[in-house]
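# after the sequence you'll find the predicted model.
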Amino acid sequence: MAAKIIDGKAFAAKIRGEVATHVARLKEEHGLTPGLAVVLVGEDPASQVYVRSKGKQTVEVGMNSVEHKLEPDTSEADLLSLIERLNADPAIHGILVQLPLPDHLDSDLVINAIDPAKDVDGFHISNVGLLGTGQKSMVPCTPLGCLMMLREEHGSLSGLDAVVVGRSNIVGKPMAQLLLGDSCTVTIAHSRTKDLPEVVRRADIVVAAVGRPEMVPGDWIKPGATVIDVGINRIEGEGGKTRLVGDCHYESCAAVAGAITPVPGGVGPMTIACLLANTVTACCRANGLSEPDGLTA
Ligand SMILES: NC(=O)C1=CN([C@@H]2O[C@H](COP(=O)(O)OP(=O)(O)OC[C@H]3O[C@@H](n4cnc5c(N)ncnc54)[C@H](OP(=O)(O)O)[C@@H]3O)[C@@H](O)[C@H]2O)C=CC1
Ligand SMILES: Nc1nc(=O)c2c([nH]1)NC[C@@H]1CN(c3ccc(C(=O)N[C@@H](CCC(=O)O)C(=O)O)cc3)C=[N+]21
């Protein structure tokens, strides 16, 4: 296997350490404790795992964590009134509504009800617009984590060919904006893309965010390219146990890539670390304090 394995778990631990230092400083010098509220509607088991993990890591870096678990049949009005309360609460600096929401709730409406300054997911239309026009915003956590790993790997990304497979609002599109912001030549591929293998073969950087287990094989990868695998797919493994795999076929991609993120231990831990980083950034901005370097794009 040729590829360097990008250790997202270790990188995330380093970021959490930096976040913890800033949290301690905010407490000591300003009497402030950043607070993150996570809202979960329903009982999706995967979402429950993520929410637990976010809460635990939030507390570990010294921040306050508040979890709101709502019944699966919660009305839109009740969810919106909770968001209103969190928007008005000065102890809450970040609000995350776990997606996907149950079908009877309009997620665009709900997300756009969050105060953009507290939108630590970066999904509010104001933050999307700010990112798209190169202005200071809240940057979505998963793409931000991917960007941090790519910068660490390459130094400058300027002029590199990047292909993002997937065009969702939460991963593909903001990822493409960030890569464009770093002067990559960006292609966004999706389910209607003609000749996806040929498109991916041109890329110096491949970001796969498709949600299809092991869809990208090694023979689509240009030798030496960097592969960032965002996919989190639970599949049936040996002995009836479930196993976590990405959207890339790890073994074959690692044989030709220059560097690759594993699943688990790649993008996932970076996503949560960036959520904590965004919460500190939001707390600083809300209090007119200079924000930490290196924790945002
Ligand atoms: N590690 C982490 O922190 C996170 C991981 N994830 C994981 O990342 C993956 C993607 O998530 P998300 O962006 O929310 O997914 P979505 O389902 O919202 O989007 C998937 C995208 O992939 C495209 N696609 C689907 N099939 C194909 C295909 N055969 N060829 C090319 N493109 C295809 C779709 O195209 P079209 O638009 O044409 O339908 C769509 O744009 C999932 O595995 C998810 O679990 C997500 C968030 C965070
Ligand atoms: N509003 C909102 N914001 C999100 O950021 C958001 C969301 N909704 N809905 C779901 C997706 C998914 N997501 C992950 C976060 C961490 C891991 C993670 O830590 N993964 C570990 C493994 C975890 C495991 O074992 O299951 C890893 O890859 O090493 C994965 C996926 C955030 N998402």
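Thanks, I have the structure now. Keep in mind the model is a prediction, meaning the values are calculated, not measured. Ligands and ions are numbered 1, 2, ... in the order given.
# can I get stretch 13-28 as CSV, trimmed to CA atoms?
Output of stretch 13-28 as CSV, limited to C-alpha atoms (Å, rounded to 0.1, in the frame of the first residue of the first chain):
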residue,chain,number,x,y,z
ALA,A,13,-7.5,15.5,19.1
LYS,A,14,-5.1,18.3,18.4
ILE,A,15,-7.9,20.7,17.4
ARG,A,16,-9.8,19.8,20.6
GLY,A,17,-6.7,20.6,22.6
GLU,A,18,-6.5,24.0,21.0
VAL,A,19,-10.2,24.5,21.6
ALA,A,20,-9.8,23.6,25.2
THR,A,21,-7.0,26.2,25.6
HIS,A,22,-9.3,28.9,24.2
VAL,A,23,-12.2,27.8,26.4
ALA,A,24,-9.9,28.1,29.5
ARG,A,25,-8.8,31.6,28.4
LEU,A,26,-12.4,32.7,27.8
LYS,A,27,-13.3,31.6,31.3
GLU,A,28,-10.3,33.0,33.0
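# next, the buried residues of it.
The neighbour-count check on stretch 13-28 (16 or more other Cβ atoms under 10 Å) flags Ile15, Arg16, Glu18, Val19, Ala20, His22, Val23, Leu26 as buried. For glycine as for every other residue, the C-beta is placed from the backbone atoms N, C-alpha and C.
# the fifth one against Gln57, yeah?
What it means is Ala20. No: judged on Cβ atoms under 8 Å, Ala20 makes no contact with Gln57 at a distance of 10.3 Å.
# now the buried residues of stretch 13-28 in CSV, with distance to ligand 1 and pLDDT?
Listed next are these as CSV, based on distance: Cβ to the nearest ligand atom, whole Å; pLDDT from 0 to 100:
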residue, distance to ligand 1, pLDDT
Ile15, 14, 98
Arg16, 15, 98
Glu18, 19, 98
Val19, 17, 98
Ala20, 21, 98
His22, 22, 98
Val23, 22, 98
Leu26, 26, 98
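# in JSON lines, list the residues you listed along with secondary structure.
Below are the buried residues of stretch 13-28 laid out as JSON lines (DSSP: H, G, I helix; E, B strand; the rest coil):
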{"residue": "Ile15", "secondary structure": "helix"}
{"residue": "Arg16", "secondary structure": "helix"}
{"residue": "Glu18", "secondary structure": "helix"}
{"residue": "Val19", "secondary structure": "helix"}
{"residue": "Ala20", "secondary structure": "helix"}
{"residue": "His22", "secondary structure": "helix"}
{"residue": "Val23", "secondary structure": "helix"}
{"residue": "Leu26", "secondary structure": "helix"}
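# which single one of the residues you listed is nearest to ligand 2?
Using Cβ to the nearest ligand atom, Arg16 is the member of the buried residues of stretch 13-28 that lies nearest ligand 2, at 12.3 Å.
# where do the strands sit along the stretch 101-250 of the chain?
161-165, 185-189, 205-208, 226-229, 233-236, 242-245 (DSSP state E, counting those that start in this stretch).
# would CSV of those strands with mean pLDDT and distance to ligand 1 be doable?
Conversion of those to CSV gives the following (pLDDT from 0 to 100; distance: least, Cβ to the nearest ligand atom, whole Å):
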stretch, mean pLDDT, distance to ligand 1
strand 161-165, 99, 5
strand 185-189, 98, 6
strand 205-208, 99, 8
strand 226-229, 99, 9
strand 233-236, 94, 5
strand 242-245, 95, 9
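# residues from this structure in reach of ligand 1?
Those residues of the chain that sit near ligand 1, judged by Cβ under 6 Å from any ligand atom, are 142, 165-168, 170-172, 189-193, 196, 209-212, 230-233, 267-268, 271.
# which of the residues you listed count as buried?
By 16+ other Cβ under 10 Å, these give 142, 165-167, 170-172, 189, 193, 196, 209-210, 230-233, 267-268, 271 as buried.
# which residues sit against stretch 107-125?
36, 76, 79-80, 83-84, 86-87, 92-97, 99-101, 126-128, 131, 137-141, 144, 169-170, 174, 275, 278-279, 282, 285-286 (Cβ atoms under 8 Å, 6 or more residues apart in numbering).
# re the thing from before, among the buried ones among the residues of the chain next to ligand 1, which are located in helices?
Thr142, Gly172, Leu196, Val267, Gly268, Thr271 (DSSP state H).
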